[in-house]
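Trainee: Could you work out the structure for the sequence below:
(one chain, ligands or ions: 1)
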Amino acid sequence: MAKQDDDFKKVISHAKEYGYVFQSSEIYDGLSAVYDYGQNGAELKKNIRDYWWKAMVQLNDNIVGIDAAIFMHPTTWKASGHVDAFNDPLIDNKDSKKRYRADVLVEDYVGKLDAKIEKEVAKAKKRFGDAFDKEQFLATNPKVAEYKERGDAILKRLGKSLEAEDLEDVKALIEELDIACPMSGSKNWTDVKQFNLMFGTKLGASTENTTDLYLRPETAQGIFVNFLNVQKTGRMKIPFGIAQTGKAFRNEIVARQFIFRMREFEQMEMQFFVQPGTQKEWYEVWKEKRMKWHLSLGLGADNYRFHDHEKLAHYADAATDIEFRFPFGFKELEGIHSRTDFDLASHEEFSNKKLQYFDPVENKNYVPYVLETSIGLDRMFLAVFSNALREETLENGTTRTVLKLPAVLAPVKAAILPLVKKDGLPELAGRILEDLKWDYNVSYDEKDAVGRRYRRQDANGTPFCITVDHQSLEDGTVTLRHRDSMEQERIKIADVNAIIGKETDMRQWLKRI
Ligand code: GAP
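Mentor: So this is what the prediction gives:
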């Protein structure tokens, strides 16, 4: 646990030191669970968003993208169920006065059982070496079976109690598991209560004439209320999807873990409208497609797993999370939900407007069913960033800090480095920079010895360094240094653009899926 905490602290401080993520309004001591993205962070975030948009919108003939407003008519949230049911069960510790999500306390307990399973796997792997078969070990080891059975039983009971709104049983479960306040160790708990997560605000200038609004807690509703607008104007035929990215806001009770759980965050969501009765097939299709998208980035297949929901949200008939191995363990990265016709049917009822599709094949009208894929952009950022940060010991015994971001997402694709600040090298480096700028985000660095500059770019996550030296003036070649392997090769200046293009082009990465 201490190592995990330490690794996570390194992620947070590196993100700050290299201009990726800053605490919001830091000069006023910050605002809890609100963060700003710096010069590198904004680029990385944009690249992740573009990678998603390309895969989900532009490469799918039957999916289009929109950009709905954050403010929506307040009845939207009545219809969606958020006013009545968008609650978290919270519990306070009477001694430390700290507030927690009751379900998260229980899930963290089960997370510790998962960590024990991982430990057993690591031990067995060491013992059996190459002959180790993880699948077989997981299926047959009695200790693993015991941890798993225990964890499953706890989650099942938690799911059932939450489903039935039996908050007394949730408290009983916390007490039976002997869960203590992580801050103080005290087990002196209050009862569990429900807490609505939406932020309210007001529209209008004078106090007598205002309308109560909510900041949207998910982007999905902007898609549902525009379903017919898009279907009719785009002449869309079922099955089809509508996607969007944008800010969402939640008054999270437990807002810790850096950008994992924020009060203001960004979602990338897609609603896929299908014929009723076909939702199970499409659920499987989207599970597979989304997992492939993640795997295309090469963060390691072992770092992902599905976690099917025991407790379904008020709108879903099936749901799973794609979980990622964050520095603090496996946690939800993306949700895939079979949302039935709940949202459209409910908006029909509340708005008194038909939200139906005329199916020319079936020759009938119906309210479509919906499959949703929903991923937090900030969470994806944390997954990519934390996975990339490494401390490496080199052959000569020195260490380097390197941010092995997938080249397609890296904020700066290449740094141009004149070996010395004279003899016409800065001018040639400048000309290379001017040319590359049109295609990539590139930077220029002439300060310090070249070795130090390489280290700086490694820590910054820049996949390529292009060094201009005296030979460059004579034969029009430069040294291309690769961040991950640290290999260097001599290439023609005329080839630089194409080489960077090949390594960073979305086509190459997304074609893996
Ligand atoms: N429209 C469905 C929906 O919003 P969700 O599971 O509540 O479902 C979807 O959220 C995704 O949004 C999550 O998988 C997560 O990546 C991200 N997310 C949710 N709450 C977040 C928060 N407070 N901070 C950062 N990301 C969050």
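
Trainee: shaky segments in the stretch 401-513 of the chain?
Mentor: Judged against pLDDT under 70, the stretch 401-513 of the chain has no low-scoring part.

Trainee: In it, which residue sits nearest the ligand?
Mentor: Closest to the ligand within the stretch 401-513 of the chain is L409: 16.9 Å, counting by CB to the nearest ligand atom. For glycine as for every other residue, the C-beta is placed from the backbone atoms N, C-alpha and C.

Trainee: CA-only coordinates of stretch 421-437, as CSV, when you get a sec.
Mentor: Listed next in CSV are the C-alpha coordinates belonging to stretch 421-437 (Å, rounded to 0.1, in the frame of the first residue of the first chain):
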residue,chain,number,x,y,z
LYS,A,421,24.2,27.6,-30.0
LYS,A,422,26.5,28.8,-32.8
ASP,A,423,27.9,28.0,-36.3
GLY,A,424,24.5,28.2,-37.9
LEU,A,425,23.1,25.2,-36.1
PRO,A,426,20.3,27.1,-34.3
GLU,A,427,19.3,28.6,-37.7
LEU,A,428,19.1,25.1,-39.4
ALA,A,429,17.2,23.7,-36.4
GLY,A,430,14.8,26.7,-36.6
ARG,A,431,14.1,25.9,-40.3
ILE,A,432,13.3,22.3,-39.4
LEU,A,433,11.1,23.4,-36.6
GLU,A,434,9.2,25.9,-38.9
ASP,A,435,8.5,23.1,-41.4
LEU,A,436,7.4,20.4,-38.8
LYS,A,437,5.1,23.0,-37.0
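
Trainee: got a list of contacts for it?
Mentor: 413-414, 416-419, 442, 444, 446, 466, 468-470, 472-473, 478, 493, 496-497, 500 (CB atoms under 8 Å, 6 or more residues apart in numbering).

Trainee: Please repeat the previous calculation with a cut-off of 7 Å.
Mentor: 414, 416-419, 442, 444, 446, 466, 468-470, 472-473, 493, 496-497 (CB atoms under 7 Å, 6 or more residues apart in numbering).

Trainee: and it, how far from the chain's centre?
Mentor: 37 Å (CA atoms, centre = their mean, to the nearest Å).

Trainee: For it, list every residue counted as buried.
Mentor: Buried positions in stretch 421-437, judged by neighbour count with 16 or more other CB atoms under 10 Å: 425-426, 428-429, 432-433, 436.

Trainee: T373 contacts R290, correct?
Mentor: Yes. When contacts are counted by CB atoms under 7 Å, T373 is listed as touching R290 (5.4 Å).

Trainee: Mutual contacts of those two, please.
Mentor: With CB under 7 Å, 6+ apart as the test, T373 and R290 both reach 334, 336.

Trainee: what about the residue of the stretch 401-513 of the chain closest to the ligand, which helix or strand?
Mentor: Counting by DSSP states H and E, no helix or strand carries L409.

Trainee: So which residues on the chain come close to the ligand?
Mentor: Listed as neighbours of the ligand in the chain under the rule CB under 6 Å from any ligand atom: 218, 220, 250, 252, 261-262, 265, 267, 269, 332-335, 372, 374-376, 378-379.

Trainee: Emit the ChimeraX select command for whichever of the residues you listed are buried.
Mentor: Buried members of these, defined by 16+ other CB under 10 Å, are picked up in ChimeraX with:
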select :218,220,250,252,261,262,265,267,269,332,333,334,335,372,374,375,376,378,379
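
Trainee: Return the subset of the residues of the chain next to the ligand lying in strands.
Mentor: When DSSP state E is applied, the residues of the chain next to the ligand are split such that 265, 267, 269, 332-335, 372, 374-376 fall in strands.

Trainee: residue contacts, the closest residue to I491 other than its chain neighbours?
Mentor: For I491, ignoring the flanking residues on the chain, the nearest one in space by CB to CB, 6 or more residues apart in numbering is L480 at 5.0 Å. Applying CB under 7 Å, 6+ apart, we find L480 in contact with 464, 466, 488-489, 491, 499.

Trainee: try M270
Mentor: Per CB under 7 Å, 6+ apart, neighbours of M270: 56, 63, 241, 243, 372-373.

Trainee: Tabulate those residues (TSV), appending distance to R456.
Mentor: Shown next, in TSV, are these (distance: CB to CB, whole Å):
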residue	distance to R456
M56	35
I63	40
G241	42
A243	37
E372	42
T373	37
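
Trainee: and which of those residues is nearest to K404?
Mentor: M56 (25.1 Å; CB to CB).

Trainee: okay but the closest one is in contact with I63, surely?
Mentor: Yes. Between M56 and I63 there is a contact under CB under 7 Å: 6.1 Å.

Trainee: more crowded one of those two?
Mentor: The neighbour count for M56 versus I63, taken as other CB atoms under 10 Å, is higher for M56 (23 against 19).

Trainee: got a list of what the residue nearest the centre of the chain touches?
Mentor: Central residue of the chain (CA atoms, centre = their mean): M380, 2.3 Å from the mean position. When contacts are counted by CB under 7 Å, 6+ apart, M380 touches 48, 333.
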